[in-house]
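S.K.: all I have is the shape, not the residue letters:
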């Protein structure tokens, strides 16, 4: 098994900004008189801003100008909350794993559907570990399409077959699998069970553990 690159989703993998996203969507929904609760927010995990809005609207039809305004309003609410992000927001196990990967001579990219991924990365202080960043502005088709991860692999100069995607969303796992990459899913099997290997989180996970699990899965062990 040859691995030369890792592509990490950001929200829910290296940090947890899901609560900020939920509060922003909830605020928008309340202003528009739309019922939106945490259970519905799970469906928004890992997908684009536009697709998130479509899911929130649940079949309601609005003019394109109104759709754009609502997406911008939600993003304004979310960006306000980014001021709270500090290096303390890096999830347990994430920074030590990034350091291990770099020490092993492998490359690291961020592959996030968020258009705010660069600012979040900078506020977390993990920029020095990252070789490339692909975000919501990088490609037209976002997760579950494979384009974002293929683009990230291109930025790293690494063949897709030599990349591992680390994701916490069903859409992200599907994108990595379709791209022909091995995938590490973080979270419940019901959500990320189609990944090559699954862990509850990165807490306590080492590079050696990941490579061992991926090797066993791909060899049928």
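M.R.: Looks like it came in fine. On a predicted model such as this, the values are computed, not experimentally measured, just so you know.
S.K.: give the contact list for residue 118.
M.R.: By CB atoms under 8 Å, 6 or more residues apart in numbering, the residues touching residue 118 are 133, 135. Quick note: C-beta positions are derived from backbone N, CA and C, even for glycine.
S.K.: and if you look at residue 167?
M.R.: Taking CB under 8 Å, 6+ apart as the test, what residue 167 contacts is 9, 13, 46, 173, 175, 176, 183, 184, 185, 186, 192, 195.
S.K.: count of neighbours near the last one?
M.R.: So the one you mean is residue 195. Look at residue 195: counted by other CB atoms under 10 Å, it has 27 neighbours.
S.K.: show me the helices in this structure, by range?
M.R.: Applying DSSP state H to the chain gives helices spanning 18-32, 38-41, 49-57, 64-82, 94-103, 117-124, 147-156, 170-178, 189-192, 207-218.
S.K.: for residue 88, find the nearest of these.
M.R.: Checking these against residue 88 by CB to CB gives helix 117-124 as the closest, at 9.0 Å.
S.K.: possible to save the helices of the chain as JSON lines with mean pLDDT and distance to residue 109?
M.R.: Putting the helices of the chain into JSON lines (pLDDT from 0 to 100; distance: least, CB to CB, whole Å) gives the following:
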{"stretch": "helix 18-32", "mean pLDDT": "92", "distance to residue 109": "21"}
{"stretch": "helix 38-41", "mean pLDDT": "86", "distance to residue 109": "27"}
{"stretch": "helix 49-57", "mean pLDDT": "93", "distance to residue 109": "21"}
{"stretch": "helix 64-82", "mean pLDDT": "95", "distance to residue 109": "21"}
{"stretch": "helix 94-103", "mean pLDDT": "96", "distance to residue 109": "11"}
{"stretch": "helix 117-124", "mean pLDDT": "94", "distance to residue 109": "11"}
{"stretch": "helix 147-156", "mean pLDDT": "98", "distance to residue 109": "4"}
{"stretch": "helix 170-178", "mean pLDDT": "96", "distance to residue 109": "12"}
{"stretch": "helix 189-192", "mean pLDDT": "94", "distance to residue 109": "19"}
{"stretch": "helix 207-218", "mean pLDDT": "88", "distance to residue 109": "16"}
